[in-house]
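Asks: Kindly generate the corresponding structure for this input.
(2 chains)
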Amino acid sequence: MKRRDFFKVSIAASTAIVGSSLSAGETTQPITGRSISKFTFPEKKPMITYSDRPPLLEAPRDVFTQSLTPNDEFFVRWHLPDIPTYIDPDTYTIKIDGLVERELNISLKSLKHDFEQVEVTAVLQCGGNSRSAFHPIPGGIQWGSGAMGCAKWKGVRLSDILDRAGLKKNAQWIGFNGLEKAAYYKTPNFVRELHLEELDDHVILAYEMNGEDLPYLNGYPLRLVLPGYYSDSWVKMMSHITVTNKYKSLFFMDEAYRVPDNKTESETPEKHFKPTKPIAKMNVKSVIGYPLEGAKISHNSQLVVRGVAFDSGLGIKDVKISLDDGKTWESSLLDNNAGRYAYKAFRFSFKPSTYGKINIMAKAINRLGEEQPLAKDILWNHGGYKYNGIDVVTIEVV
Amino acid sequence: MMIKKLILLVGLVSSTLFAQVKSEVEVPYVSYEIKMGKGFDAVNGNCLMCHSFGYIINQGPQSREFWKKKIDKMITHFKAPIDEKSQKIILDYLYKHYGNGKLK
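Replies: Numbers count the residues shown, from 1 in each chain, chains lettered A, B, ... in the order given. Below is the predicted model of the structure:
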């Protein structure tokens, strides 16, 4: 999708929320406070665990007080069951072929030494993050708010690699494939295709995350980093890049990770809307990391609400907090800028002056003026994608 | 002096991390508490090949049609070789134990 089109769509999505005749139930806050598993996965602390094969791990909410998500609490989502359990970094290579002047096999060592090394801090979020907010329950893992994270990624620009290979004149699509494999050889590979237009200089092949090698479960030794886009195209354990002039019909492109191609990106459970479009870029969102739902806070204490906010890279301008169910809003303090694709950490301090329950609400607003809608105003889609409701945490002042 | 020590320490830490992926990693096996009942053997024999029971349990309660479409998706898109008899048995099982009481 062209950048201009995206603006149109997202503005429409955030304003046109009236006059629906949907039978879908009201969208609520996503499930919160799910328990941490007693199982630990390689290089991870115990996390909310939905599946071991393929591994699906969610970060607990309190991680979202930090503007960088620690590698050992960074969410994990694979699509196919067979992931290599051993990779030799000394022999690992990535192949670039198709419509190129020179086919390349680049070793990890060569990537780290023969190309310009660049860094970008960017949010990685599953398109189905917060899916449990939708009713009726859409198919898919019922994520709370923790299928997201923000890291400082280090690697090599994709454009530098493609330049080295030399794109032929008719090159249009770039296909990315990683090493995860299905149980049956007939199952389609998890291949993603992106149009050349979508690939700017911020797109990198990353081998480092927050100053360490990528964790195995986050795609060691190499993954695609597509700042501003949902994580479905951030291919892990990247092994093969193919340049073509024609879009191939692929399950993971044509069926999964798509929303209705209409103004509100919505539909009814009875009648799914066609055509659909890729979920593509992220909408504006915030999540409160502290305090947690149900926390009991003493009447006399100074409470600092903390959380993170982000969008597709336009940049967060403000995160407003309401303590009176949305009647009045006050701006929070935002942290230093780690770039437009990074989390903006926010903090808001207050002294609870009443006893009983308080709903703490957080609403992020970006530079274009797009803001998070109330959860109840978010319309349903059958994949349960792109939830970005105003975050609400209820505490009790005692 | 202090700074030099720190740098050395950082060096050691990162080499340890590196070592962790130099050898084979092990993803733990999680035993999900899936409900037992008629048809479970077909679920065990067909579904577990590609994914854990976590995938079933964590879809939330769903309609019969939803589960039918999921089975169809596994066959059409993921090429799972599930014969027709087993499809029906699996559907009955899923709807009974992980259904929401609605046909559609």
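Asks: got the CA positions of stretch B:37-44 in CSV?
Replies: Extracted C-alpha coordinates of stretch B:37-44, given in CSV (Å, rounded to 0.1, in the frame of the first residue of the first chain):
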residue,chain,number,x,y,z
GLY,B,37,-13.6,-37.9,25.6
LYS,B,38,-15.0,-39.6,22.6
GLY,B,39,-12.9,-38.7,19.5
PHE,B,40,-9.8,-37.7,21.4
ASP,B,41,-7.7,-40.3,19.6
ALA,B,42,-8.5,-38.7,16.3
VAL,B,43,-7.5,-35.3,17.6
ASN,B,44,-4.3,-36.7,19.1
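Asks: List the residues that contact the nearest residue to residue A:172 once chain neighbours are set aside.
Replies: Spatial nearest neighbour of residue A:172, excluding adjacent residues (C-beta to C-beta, 6 or more residues apart in numbering or on different chains): residue A:245 at 5.0 Å. Using the backbone N, CA and C atoms, a C-beta is placed for each residue, glycine as well. By C-beta atoms under 8 Å, 6 or more residues apart in numbering or on different chains, the residues touching residue A:245 are A:99, A:170, A:171, A:172, A:173.
Asks: ok, of these, which come out buried?
Replies: Neighbour-count burial (16 or more other C-beta atoms under 10 Å in any protein chain shown) applied to the contacts of residue A:245 gives A:99, A:171, A:173.
Asks: Could you check the pLDDT of the residue in the stretch 251-398 of chain A that chain B sits nearest to?
Replies: Closest contact between the stretch 251-398 of chain A and chain B, by C-beta to the nearest C-beta, is at residue A:251 (4.7 Å). Note on residue A:251: pLDDT of 70.
Asks: Ok, residue A:21 next?
Replies: We have a pLDDT of 37 for residue A:21.
Asks: just to revisit the earlier point, how about the contacts of residue A:245, which pair is most distant?
Replies: The most widely separated members of those are A:170 and A:173, with 10.5 Å between them, by C-beta to C-beta.
Asks: follow-up on the earlier one: so which of the buried ones among the contacts of residue A:245 comes closest to residue A:87?
Replies: Nearest member of the buried ones among the contacts of residue A:245 to residue A:87, counting by C-beta to C-beta, is residue A:173, at 27.1 Å.
Asks: ok, that closest one - contacts?
Replies: Counting by C-beta under 8 Å, 6+ apart, residue A:173 touches A:193, A:194, A:195, A:196, A:243, A:244, A:245, A:246, A:247, A:248.
Asks: for residue B:30, same thing?
Replies: Counting by C-beta under 8 Å, 6+ apart, residue B:30 makes contact with A:37, A:39, A:49, A:51, A:52, B:52, B:54.
Asks: distance of the last one from residue A:49?
Replies: Put plainly, it is residue B:54. Distance of residue B:54 to residue A:49, given as C-beta to C-beta, to the nearest Å: 7 Å.
Asks: Neighbour count for the two, which is higher?
Replies: Taking neighbours as other C-beta atoms under 10 Å in any protein chain shown, residue B:54 and residue A:49 compare with residue A:49 leading, 26 against 20.
Asks: Touching, the more buried one and residue A:35? I think so.
Replies: No. Taking contacts as C-beta atoms under 8 Å, residue A:49 lies outside contact range of residue A:35: 9.6 Å.
Asks: related to what we said a few turns ago, and the contacts of residue B:30, which is the shakiest by pLDDT?
Replies: residue A:39 (90).
Asks: need the contact list for the nearest residue to that one once chain neighbours are set aside.
Replies: Spatial nearest neighbour of residue A:39, excluding adjacent residues (C-beta to C-beta, 6+ apart): residue B:28 at 4.7 Å. By C-beta under 8 Å, 6+ apart, residue B:28 lies in contact with A:39, A:40, A:41, A:52.
Asks: I'd say the first one and residue A:50 touch.
Replies: No. Counting by C-beta under 8 Å, residue A:39 sits too far from residue A:50 to count as a contact (11.6 Å).
Asks: So for the two, which sits in the more crowded spot?
Replies: The neighbour comparison of residue A:39 against residue A:50 (other C-beta under 10 Å) goes to residue A:50, with 26 against 16.
Asks: Torsion angles phi and psi at the closest residue to chain A within chain B?
Replies: Closest contact between chain B and chain A, by C-beta to the nearest C-beta, is at residue B:54 (3.4 Å). Backbone dihedrals for residue B:54, given as degrees, to the nearest 10, come out at phi -50, psi -40.
Asks: Apart from its neighbours in sequence, what residue is nearest it?
Replies: What sits nearest to residue B:54 in space, not counting adjacent residues and going by C-beta to C-beta, 6+ apart, is residue A:51, at 3.4 Å.
Asks: who's in contact with the one you found?
Replies: If you count contacts by C-beta under 8 Å, 6+ apart, then residue A:51 has A:141, B:30, B:51, B:52, B:54, B:55, B:58 around it.
Asks: Show me how chain A divides into domains.
Replies: Domain ranges of chain A: A:23-278, A:285-397, per automatic domain parsing.
Asks: Can I get those domains in JSON lines including distance to residue B:84?
Replies: Converted to JSON lines, the domains of chain A look like this (distance: least, C-beta to C-beta, whole Å):
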{"stretch": "domain A:23-278", "distance to residue B:84": "18"}
{"stretch": "domain A:285-397", "distance to residue B:84": "26"}
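Asks: so which of those comes closest to residue B:69?
Replies: For residue B:69, the closest of the domains of chain A is domain A:23-278, at 7.9 Å, according to C-beta to C-beta.
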